[in-house]
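Predicted model, plus sequence, below.
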Amino acid sequence: MVFGALWMIASFLLLGFGVYFIIEEQFKMEPFQVVNQALIYYMGIDLVFRYFLQKMPVMNIKPLMYLPIKRKAIVNFAIGKTMISFFNILHAFFFIPFSIVLIMEGFPVLQVLAWSFAILGWIYCNNFINIFVNNKDVVFYAVIGSIVAMIGLQYYGIFDITQFTYPIFNSFYAIPYLAFIPVVLAVVFYRMAFTFFKNNLYLDAGLSIKHDIAETQDYTWLNRFGSMSTFLKNDIKLLRRNKRSKTTLLISVLFIFYGLLFFTGSVEAYEGPFWRVFAGIFISGGFLFTFGQFVPSWDSAYYPLMMSQNIRYKEYIASKWYLMVIATIVSTVISVFYLYWGWQAYAAVVVGAIYNIGVNSHLVLWGGAYIKTPIDLTTSKKAFGDKQAFNAKTLLLTIPKLLLPMAIYAVGHFTLGEAFGFALVAIAGLAGFLFKNKVFNIIEKVYKSEKYKTLAAYKQNN
Amino acid sequence: MITVSNLSKTYNAGPVLNIDNLDIPKGQSFGLVGNNGAGKTTFFSLLLDLIQPTTGFIKSKDIQVNESEDWKPFTSAYIDETFLIGYLTPEEYFYFIGELRGQNKADVDALLNQFEDFFHGEILNQKKYLRDLSKGNQKKVGIIAALIGNPEVIILDEPFANLDPTTQIRLKQIIKNLAGQQGVTVLVSSHDLMHVTEVSDRIVVLEKGEIIKDLATSAATLKELEAHFAGE
């Protein structure tokens, strides 16, 4: 997480200093106007990110309630804590350098300051809004939906919301004293968040943990998978009933659209022919990678139970493997729309899927067996960029996962043409099947030899 | 049934368990008492092969637990919440354990029926996942799940903690029954001297990892234990 934060700060800082000149020189547009137009999206996306990632203060309030501290002070403390959060400070790294550049470019100091002051107000409005909407999925999806709709409408030239929001943001610059409006608004939101919080500061109100209504499910149709169905049923419940795994499902759906960057030619760097295979592997393998790399960490919360029961490791691994295979096939079927960009695009997805099932599924499970970071299923906050995803062993495994099929394709492509390239990748994938049992045996051995270390590692963090 | 030889466990900070010799015959109801840090959970974890012994070994029915996994089919345990799967309903959890232990749905249902009064209407058909149950109710689920599949050895760590009085009394009945009538070897640890003397044929007191008392339960046992822990 620290890595990610530093990276964000660095990119905001660079962008803050550079964006003015990039817009001016590359796009030949008026930088300040462009930024003011983009601000509405900036604020919307900020809200989405906060919703996903910003931790709410409620979690640590309980222990304070039993101490002799006034309720008012507790609430002020909790909200105050959100104000110095990374999610507010980050923006300073963009807007302060940007304002400096504006001033250096001859914009009047007072007006630029007023404008920055107004932005500060908006950012804090977002901060307090996030407090009310936290854990209200409806609001969240509405925000995402409207952002996507607005971008779409603007792209096709039907309706341009920035035409309406631009004058608003610009007015803080044009008429400096208007800058007090967002600041006053932020104060109003603070008061609202305060009242909302204070009224809910009871164990059976805002601090209560919401319980899902549980339904006992048998999934008897899975019995056809024989004794493996025991685990398969569990894994499907795991995926459906936990926040963290639901986020993983969402990410793997996004992966399906990742290929658009390649096949629409929107990113220049991806023009080489073997990038197709790279795209194909990610399109069909989103779930395979995001889920598979954390087997057996998904079961970390109850690993002692699994280890003291008579678990048939083969079936346990096979169940995870089947899930990955099923998800890969489903992704491949959904991706049929890539045919729109020519048969090569979809052929890349299909051979990517074959390679994923035949080779990558084994490699991913193998790599996962060494990862010993427990997963907290009940929170989605860590689903992005866990540091555990980067260690030497997993990095080493990306060579056969991604580079090898690209190389295989390139060999075929540059000798007998693209069809031969695709065929070679597919053959490599099919060949991988031959090693299935062998790899399963290896993984089983790893599980057994690492058992005590894994148990200890899971215990420390639980 | 269970034989312990020269067993010790040492962490960096020092030794936590050191048992030269201990024999637990089949069908015995065995109680383990001791203050926090005495090594009770460490002993149970070694028995379940969840941690490695530093020296020595434990044999369960002549199977050395850290060398073979053949003890698993006849052993079951409830140590703590890490033995529960939070996102399942109690029913789903029981059936899952049942399937692992070779029991079909009807077998599990039949077993659950016997414990309807133990559940006290708070476990089955509550439309709640295990993670949302109270600590006491979670414990009830874990204890009953440990009875699934006719185990010959049952290990329960602090089973009386967090239970309400009615359930404690019913649990005592269940444990006595298992050892007395079904010949199951039951190992129980507890901080509650009264409960543990009531259900156990034999009580072992651990202190800083060592066995300092090994008593066959009699009318005088409770007094003796109380005197010991009072520091007299």
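Structure received.

Give me the below-cutoff pLDDT ranges for the chain.
All of this is about chain A. Chain A contains residues with pLDDT under 70 at A:1-3, A:57-60, A:134-135, A:205-210, A:266-271, A:380-396, A:461-462.

looking at chain B here, not the other one
In chain B, residues with pLDDT under 70: B:232.

all strands of it, in order?
Here chain B has its strands, by DSSP state E, at B:2-11, B:14-24, B:29-33, B:55-60, B:63-64, B:75-78, B:153-157, B:185-190, B:202-207, B:210-216.

Is any residue of the fifth one near chain A?
No: when contact is scored as CB under 8 Å from any CB of the partner chain, no part of strand B:63-64 falls within range of chain A; the minimum is 12.8 Å. For the C-beta atoms, the positions are set from N, CA and C on the backbone; glycine is no exception.

now the helices for chain B?
B:40-47, B:90-100, B:105-114, B:116-119, B:135-145, B:165-182, B:193-199, B:221-229 (DSSP state H).

of those helices, which approaches residue A:420 most closely?
Closest of the helices of chain B to residue A:420 is helix B:90-100, at 47.9 Å (criterion: CB to CB).

in that closest one, what's buried?
Residues B:90-100 are the ones in helix B:90-100 that count as buried (16 or more other CB atoms under 10 Å in any protein chain shown).

sorry, back to before: of the helices of chain B, which is nearest residue A:212?
helix B:90-100 (13.7 Å).

circling back: which ones among the buried residues of helix B:90-100 also lie next to chain A?
Filtering those for neighbours of chain A using CB under 8 Å from any CB leaves B:91-92, B:96-97, B:99-100.

Residue A:230: which of the residues you listed is nearest?
Nearest to residue A:230 among those, with distances taken as CB to CB, is residue B:99, at 4.3 Å.

number of nearby residues for the residue nearest to that closest one when sequence neighbours are not counted?
Spatial nearest neighbour of residue B:99, excluding adjacent residues (CB to CB, 6 or more residues apart in numbering or on different chains): residue A:230 at 4.3 Å. Residue A:230 has 23 neighbouring residues, counting by other CB atoms under 10 Å in any protein chain shown.

Output whichever strand or helix holds residue A:230 as PDB, nothing but the C-alphas.
Element membership for residue A:230, per DSSP states H and E: helix A:229-241. Provided in PDB are the C-alpha atoms of helix A:229-241 (Å, rounded to 0.1, in the frame of the first residue of the first chain):
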ATOM      1  CA  SER A 229     -18.400 -31.400  -5.300                       C
ATOM      2  CA  THR A 230     -17.900 -31.000  -1.500                       C
ATOM      3  CA  PHE A 231     -15.200 -28.400  -2.200                       C
ATOM      4  CA  LEU A 232     -16.800 -27.000  -5.300                       C
ATOM      5  CA  LYS A 233     -20.000 -26.100  -3.400                       C
ATOM      6  CA  ASN A 234     -18.000 -24.400  -0.700                       C
ATOM      7  CA  ASP A 235     -15.900 -22.400  -3.200                       C
ATOM      8  CA  ILE A 236     -19.000 -21.100  -5.000                       C
ATOM      9  CA  LYS A 237     -20.400 -20.000  -1.600                       C
ATOM     10  CA  LEU A 238     -17.100 -18.400  -0.800                       C
ATOM     11  CA  LEU A 239     -17.200 -16.400  -4.000                       C
ATOM     12  CA  ARG A 240     -20.800 -15.300  -3.700                       C
ATOM     13  CA  ARG A 241     -20.900 -14.400   0.000                       C
END
